[in-house]
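Peer 1: Sequence and predicted structure are below.
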Amino acid sequence: MIEKVFKYSITDEKAVEKIIMDENINYIHMVFNKNQGLPEHFSNSNVYMTVIRGTLSIRLDDQGIHEYSKGEILQIPFDTKMNVNNLHDEVLELIVVKAPAPANYKG
């Protein structure tokens, strides 16, 4: 078999699953319920966030909270302060890709 198969959880419970963490990319599946999210942090590579379902409420650097819905993809540059949350009743599900993998980022 040439391909390698990965799986992520189909769930409504909080999850941060590191699906692929190799020298090329980090591929992370996240699920957050209302008032859940990530601790404030700085991006350690180029970050691409795909909203699979729900509404993402995100504050980047010093701008106000912006909201993004299912089907939208964000591109966030290296070293951007991020505050990621779900402020809505509907479950938020994201796919986050970091490319290149942070260990190989030469920013």
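Peer 2: Structure's in. What do you need?

Peer 1: tell me the contacts of Ile58?
Peer 2: 49, 65-68, 74, 82-85 (Cβ atoms under 8 Å, 6 or more residues apart in numbering). The way it works is simple: take the backbone N, C-alpha and C, and place the C-beta from them, glycine included.

Peer 1: Of those residues, which is the most crowded?
Peer 2: Among the contacts of Ile58, Val84 has the most neighbours (other Cβ atoms under 10 Å), with 23 neighbours.

Peer 1: Find the nearest non-adjacent residue to that residue, please.
Peer 2: Distances taken as Cβ to Cβ, 6 or more residues apart in numbering place Leu38 nearest to Val84, at 4.4 Å, with adjacent residues excluded.

Peer 1: Tell me who's in contact with the one you found.
Peer 2: Contacts of Leu38 by Cβ under 8 Å, 6+ apart are 16, 30, 82-85.

Peer 1: Most widely separated two among the residues you listed?
Peer 2: Distances among the contacts of Leu38 were taken as Cβ to Cβ; the most separated pair is Val16 and Asn83, at 15.5 Å.

Peer 1: quick one: strands adjacent to the helix or strand hosting Arg59?
Peer 2: Mapping Arg59 onto the secondary structure by DSSP states H and E places it in strand 55-60. Strand 55-60 has the following sheet partners, assigned by DSSP bridges: strand 65-69 (antiparallel), strand 81-86 (antiparallel).

Peer 1: Adding pLDDT and distance to Phe42 as columns, could you present the contacts of Leu38 in TSV?
Peer 2: Shown next, in TSV, are these (pLDDT from 0 to 100; distance: Cβ to Cβ, whole Å):
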residue	pLDDT	distance to Phe42
Val16	98	17
Met30	98	17
Met82	98	7
Asn83	98	11
Val84	98	12
Asn85	98	16
